[in-house]
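*Asks:* let's see this in three dimensions:
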Amino acid sequence: MIVVNAFVILLLYSFVNDGAAKRAPVVIVPGDMASPIDCKVTDQENCEKRTGWFRLWLRVEDVLRGRFSCISSNLRTLFNTKTNTSHSPHGVQTRVAGWGNTSVVEYLDPSHLAKLFHIGSDAAAMVQALVSWGYERDVSIRGAPYDFRYAMASQPEWIAKLRILIEDTWRLNNKTKVAIISHSMGGLFATWFLNQQSTSWKDKFVHCFVPLSTPWGGSIGSLWGITSGYNLGIPIIKSKDLRESQRTTETNYMMIPDPRFYGTNVTFIETLKQNFSLHPKDIESFFYTSGNDIGEKIYKKVSVENELPSPGIMMRHPMVKTYCFYGTGLSTAAKLIYERGFPDSQPKKVVYSDGDGTISRESLSGCRFWQKSININNDQRQKTENLGIHGVSHSGIFADSVFLNSLEDILLVRN
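*Replies:* Numbering: from 1, shown residues only. You can find the predicted model right below:
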């Protein structure tokens, strides 16, 4: 009898705890080039002959058919020096597809070809884990894609839409606070968004912020892209086909490495005639020497409009509980060495350092600055955890067991 009573008490205790603890619904903010972009072409001289709206970024089938040069041409933006704004080429309209849907952050291209080449399915493993915990696609898992070509200040409509999406997700899930999970550059966008919201709004609607693999201190990949073109490690994409669009992309200039993380004297690019560090004079000379005058103008624009140090991207703490995860222990590009043909050829040699294979450890661990601030202010809204996981890659973080086990606990909302 005593054993039965103990069992009943334990069972009742479980029911009480289950009732007191529920999981926060999730809004996912994807990384750089991880949002789908549709396109409509009205210029008859355009290389693209399809009519109506079609998927510009990304259909792996188009890349395999040798159409990437045309894709890149229509993906590029033009910079108007008079208005200080970026825009699509004449006769090209674009829009971000799938707002609020889980599918667009789960699979950028849902085709079998994309899955075969493991392209654009980074978040799928995490979404599948969330579903196994009882989450529902498009209800308690929502996607917040954005136009990755433009910096945050250039697309205020995204800020307004994300606020509405979070409030809608809160209502759909019995007024449960929402967890914002971001990947890579999405962490910068999500931080920018949170810093635009009032404390009372965040206290009501946001459970926590979980940035994954975020380039807080910039990325050598951005410099690589605007110098000679960077194919993101995707072998079926030619780097030279990407450079034109990468040189006109605001976010690449936003992610030029931050000297506060590395120092102003560290050399990032070596050439036969000149080396380039993060010293302001070197940055200016880099744009000139690489034949990228418009790049310097875009760089100055995004630095001013997005309240970024010059150069740099570390932002104010978002004033919600923040859990930062990133990979370490993998060879990551740290310096590009060019010989003949700079800047049109690819680097002859790449010097590597520690990181997640894409972003350096110095940049990924930026949340350490936020950790220091809570020790000073003792404000629980500034609670920050900063966890590097050895051997985990930039996108592999989504499937990592250490991260997923931690996330399952982080998402619990205890009354």
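
*Asks:* and residue 336, what's its pLDDT?
*Replies:* Turning to residue 336, the model gives it a pLDDT of 97.

*Asks:* residue 46: neighbour count?
*Replies:* Applying other Cβ atoms under 10 Å, we find 17 other residues in the vicinity of residue 46. In this view, the C-beta of every residue, glycine as well, is placed from N, C-alpha and C.

*Asks:* which element is it on?
*Replies:* When elements are defined using DSSP states H and E, residue 46 is found to belong to no helix and no strand.

*Asks:* wait, it sits on residue 90?
*Replies:* No. Contact status for residue 46 versus residue 90: not in contact, 9.0 Å apart, counting by Cβ atoms under 8 Å.

*Asks:* ok so residue 211 is a strand residue?
*Replies:* Yes. Using DSSP: H, G, I helix; E, B strand; the rest coil, the assignment for residue 211 is a strand.

*Asks:* that one: what's it in contact with?
*Replies:* Under the criterion of Cβ atoms under 8 Å, 6 or more residues apart in numbering, the neighbours of residue 211 are 181, 182, 183, 186, 187, 190, 191, 322, 323, 324, 325, 367.

*Asks:* ok, and the closest non-adjacent residue to it?
*Replies:* Distances taken as Cβ to Cβ, 6 or more residues apart in numbering place residue 187 nearest to residue 211, at 3.5 Å, with adjacent residues excluded.

*Asks:* give me the local confidence score for that neighbour.
*Replies:* Note on residue 187: pLDDT of 97.

*Asks:* please identify the helix or strand for residue 28.
*Replies:* For residue 28, the element it lies in under DSSP H and E is strand 26-29.

*Asks:* show residues contacting that strand.
*Replies:* Contact with strand 26-29 is made by 102, 105, 123, 127, 130, 135, 140-144, 146, 162, 165-166, 169, 178-183, 186-187, 189-190, 411, as judged by Cβ under 8 Å, 6+ apart.

*Asks:* and that strand, how far out from the chain middle?
*Replies:* Counting by Cα atoms, centre = their mean, to the nearest Å, strand 26-29 is centred 12 Å from the centre of its parent chain.

*Asks:* so what does the very next helix or strand once past that strand touch, helix or strand wise?
*Replies:* Of the helices and strands lying after strand 26-29 in sequence (DSSP H and E), the nearest is strand 37-41. Taking 3 or more Cβ pairs under 8 Å, 6 or more residues apart in numbering; DSSP states H and E as the contact definition, the neighbouring helices and strands of strand 37-41 are strand 54-57, helix 68-75, strand 92-96.

*Asks:* do a quick rundown of the strands in the stretch 1-150 of the chain.
*Replies:* Counting by DSSP state E, counting those that start in this stretch, the segments of the stretch 1-150 of the chain that form strands are 21-23, 26-29, 37-41, 54-57, 78-80, 85-87, 92-96, 141-143.

*Asks:* so how far is residue 264 from the nearest residue to residue 92 once chain neighbours are set aside?
*Replies:* In space, and not counting its chain neighbours, residue 92 is closest to residue 74: 5.3 Å by Cβ to Cβ, 6+ apart. Relative to residue 264, residue 74 is positioned 38 Å away (criterion: Cβ to Cβ, to the nearest Å).

*Asks:* who has more neighbours, the two?
*Replies:* Here residue 74 and residue 264 are compared on neighbour count by other Cβ under 10 Å; more neighbours surround residue 74, at 22 against 13.

*Asks:* my read: the more buried one touches residue 40, true?
*Replies:* No. Contact between residue 74 and residue 40 fails when scored by Cβ under 8 Å: they sit 10.0 Å apart.

*Asks:* so what sits against both of those two?
*Replies:* Overlap of the contact sets of residue 74 and residue 40 (by Cβ under 8 Å, 6+ apart) consists of residue 92.

*Asks:* same list (the strands of the stretch 1-150 of the chain) but as CSV, adding distance to residue 151, mean neighbour count and mean pLDDT.
*Replies:* Written out in CSV, the entries for the strands of the stretch 1-150 of the chain read as follows (distance: least, Cβ to Cβ, whole Å; neighbours: other Cβ atoms under 10 Å; pLDDT from 0 to 100):
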stretch, distance to residue 151, mean neighbour count, mean pLDDT
strand 21-23, 33, 16, 86
strand 26-29, 15, 26, 98
strand 37-41, 16, 19, 96
strand 54-57, 18, 20, 94
strand 78-80, 12, 14, 94
strand 85-87, 9, 16, 95
strand 92-96, 15, 17, 97
strand 141-143, 20, 24, 98
